[in-house]
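K.L.:
my questions concern the predicted model and sequence given below.
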Amino acid sequence: MTEQHPVKPRSGHHNLDPHLDRYAARTAGMTASEIRALFAVASRPEVVSLAGGMPNLAALPLDTLSAQVGQTIAEDGLVALQYGSAHGVPALREQICEVMALEGISAHPDDVVVTVGSQMGLDMVTRLFCDPGDVVIAEGPSYVGALGSFAAYQAQVVHVAMDDEGLQPAALKEALVRLEKDGRRVKFLYTIPNFHNPGGVTLAVRRRAEILEICRTHGVLVIEDNPYGLLGFDGQIYPALRSTDPDNVVYLGSFSKTFASGLRVGWVLAPHAVREKLVLAAESATLCPPTLNQLIVSRYLATHDWKGQIKKFQENYRERRDAMLSALEQYLPAGCEWTRPDGGFYVWVTVPEGVDTKAMLPRAVTARVAYASGTGFYADGFGSRQMRLSYCYPTPERITEGVRRLAAVLESEMDLLRTFGTVTRAVSGPQSPQSPSPDTA
Ligand SMILES: Cc1ncc(COP(=O)(O)O)c(C=O)c1O
């Protein structure tokens, strides 16, 4: 063994990793997301980053919160700083039921499991349901963190198309029939019905029952991921899938976008039969979610006008969405198309044929604007003509400037394309989910 795998000096290159032959097979699917690779470059102050999805916390009342955290420790310190149950703090689980009631969900606090962000919920449900080779259906495009979890458990993602009204029921049905015919085992549909990340679209209300019916008919569980549901710009709240199908929907919720992402408090509302296993899985992952953070959220919900705070967030994001849409209208070259979100953080842009957004990214960063290229949101290499633009974090002025810069980069790509017939140096095309994608930054 030593001859074949000599210990190499420390190096950043993964091929020289002396532990390479020790890793579990499942790590083959673990590659740095393109977005994470970009973070370091995109966070330089001269770059307008339309790449990340960081919530804009400026509207939070920090003085009030700081007093509340102090009170939590002064009054409940010995509980707050102690281990808790894997299930989560009971009072918080009750309050979570009140939050979900806004979306028409009637749930018992026993069926809520508090998690370290909804990302942990995603990890838990994939761990519970997916064996290597099982199929997970997801919208195309889909949330990059979910794709990461699915890859880590060696599940195979099959994407189903969306349009302006979200996931297409006919395409879902067709995919399920095809997969059944091929003898594939589909474990669940993973869907983000509201203010999609990265698609920026919302599942039409009239499609919801149809999608639930299709999944039930084909024996497929539904994972409903809904971190943005309360961030509709007109205060609109769509009925959760979970509200009408409690036995076949696992609902993932989060306080990351409606309160504070750094507290890492989210939850899973599981069908009663699943909840027990979920608690056991959560226990083996973390023993318990942080008690202090749960008590902070609980106190915040009990003593603060949290609905008023969400309204402030909505106004903030609406203003930024408006800046983004008018800048896109004003600057983007003909042939570009984009979605028009009525909530959430993201716009999904399709650029003209021949432009490769992944290959273009270094040139955009040189022009001091960053975005997330589309391929990171697909498990199958699709998305080279797409990009996600986030409007959640920068000021409206920076958003306008960022889109202006992006438009100039696009114009010059398209000029080259017209002159030489090609601009791309990187070859894009389908790649297997297992093959590591090179970092783009
Ligand atoms: C669709 C979706 N699901 C889950 C998450 C994870 O959120 P959390 O901070 O609750 O882990 C995100 C975060 O961006 C998201 O966009």
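P.N.:
Structure received.
K.L.:
I figured residue 365 was touching residue 47, is that so?
P.N.:
Yes - counting by CB atoms under 8 Å, residue 365 does reach residue 47; the two are 6.3 Å apart. For glycine as for every other residue, the C-beta is placed from the backbone atoms N, C-alpha and C.
K.L.:
joint contacts of those two?
P.N.:
residue 41 (CB atoms under 8 Å, 6 or more residues apart in numbering).
K.L.:
look up how far residue 403 lies from residue 52.
P.N.:
For residue 52, the distance to residue 403 equals 16 Å [CB to CB, to the nearest Å].
K.L.:
more neighbours, these two?
P.N.:
Taking other CB atoms under 10 Å, residue 52 and residue 403 do not tie; residue 403 has more neighbours (28 against 19).
K.L.:
might one say that that one is in contact with residue 331?
P.N.:
Yes - assessed by CB under 8 Å, residue 403 is found in contact with residue 331 at 5.4 Å.
K.L.:
so who does residue 72 touch?
P.N.:
80, 292, 295-296, 299.
K.L.:
can you tell me the SS state at residue 414?
P.N.:
With DSSP: H, G, I helix; E, B strand; the rest coil as the basis, residue 414 sits in helix.
K.L.:
number of residues surrounding it?
P.N.:
Neighbours of residue 414 (other CB under 10 Å): 19.
K.L.:
touching, it and residue 356? I think so.
P.N.:
No - between residue 414 and residue 356 there is no contact under CB under 8 Å: 12.0 Å.
K.L.:
can I assume residue 164 is in contact with residue 200?
P.N.:
No - under the criterion of CB under 8 Å, residue 164 is not in contact with residue 200, lying 9.6 Å apart.
K.L.:
mind listing the shared neighbours of those two?
P.N.:
Residues touching both residue 164 and residue 200 by CB under 8 Å, 6+ apart: residue 339.
K.L.:
comparing the two, which shows the higher neighbour count?
P.N.:
residue 200 (27 against 11).
K.L.:
the more buried one - that's part of a strand, no?
P.N.:
No - Residue 200 is assigned coil when assessed by three-state DSSP, not a strand.
K.L.:
may I see the buried residues of stretch 386-395?
P.N.:
If you call a residue buried by 16 or more other CB atoms under 10 Å, then stretch 386-395 has these buried ones: 386-394.
K.L.:
kindly identify which of those residues also come near the ligand.
P.N.:
Restricting these to those touching the ligand (CB under 6 Å from any ligand atom) yields no residues.
K.L.:
what is the nearest of those to residue 269?
P.N.:
residue 392 (25.2 Å; CB to CB).
K.L.:
any weak-confidence spans in this protein?
P.N.:
1-15, 33-39, 423-441 (pLDDT under 70).
K.L.:
spit out the contact partners of the spatially most central residue of it.
P.N.:
The residue lying closest to the centre of the chain (CA atoms, centre = their mean) is residue 143, at 3.8 Å. Shown in contact with residue 143 (CB under 8 Å, 6+ apart): 192, 197-198, 225, 377.
K.L.:
can you name the residue of the stretch 101-250 of the chain nearest to the ligand?
P.N.:
residue 117 (2.5 Å; CB to the nearest ligand atom).
K.L.:
for residue 264, see how far away that residue is.
P.N.:
From residue 117 to residue 264 the distance is 5 Å (CB to CB).
K.L.:
list phi and psi for the residue nearest to the centre of the chain.
P.N.:
phi -60, psi 130 (degrees, to the nearest 10).
K.L.:
what does residue 141 give?
P.N.:
Phi and psi for residue 141, reported as degrees, to the nearest 10, are phi -80, psi 170.
K.L.:
spatially nearest residue to it (excluding sequence neighbours)?
P.N.:
Distances taken as CB to CB, 6 or more residues apart in numbering put residue 377 closest to residue 141, at 3.4 Å, once the chain neighbours are dropped.
K.L.:
wait, isn't the one you found in contact with residue 148?
P.N.:
No - counting by CB under 8 Å, residue 377 stays clear of residue 148, with 11.3 Å between them.
K.L.:
what does the stretch 51-200 of the chain put close to the ligand?
P.N.:
53, 117-119, 143, 145, 192, 197.
K.L.:
mind redoing it with 5 Å?
P.N.:
Residues of the stretch 51-200 of the chain that fall close to the ligand, judged by CB under 5 Å from any ligand atom: 53, 117-119, 143, 192, 197.
K.L.:
farthest-separated two in these?
P.N.:
117 and 192, at 15.0 Å, using CB to CB across those.
K.L.:
the more surrounded of these two?
P.N.:
residue 192 (29 against 22).
K.L.:
residues contacting that one?
P.N.:
Residue 192 touches 139, 142-143, 199, 225-226, 228, counting by CB under 8 Å, 6+ apart.
K.L.:
6 Å - rerun?
P.N.:
Contact partners of residue 192, counting by CB atoms under 6 Å, 6 or more residues apart in numbering, are residue 225.
K.L.:
looking at the sheet around residue 167, what are its partners?
P.N.:
residue 162 (DSSP bridges).
K.L.:
what about it, neighbour count?
P.N.:
27.
K.L.:
residue 292 too?
P.N.:
Neighbours around residue 292, by other CB under 10 Å: 18.
K.L.:
now it. Its backbone dihedrals?
P.N.:
phi -60, psi -50.
K.L.:
quick one, what contacts the closest residue to it other than its chain neighbours?
P.N.:
Sequence neighbours aside, residue 80 is the residue nearest to residue 292 in space, at 4.4 Å (criterion: CB to CB, 6+ apart). Going by CB under 6 Å, 6+ apart, residue 80 touches 72-73, 291-292, 295.
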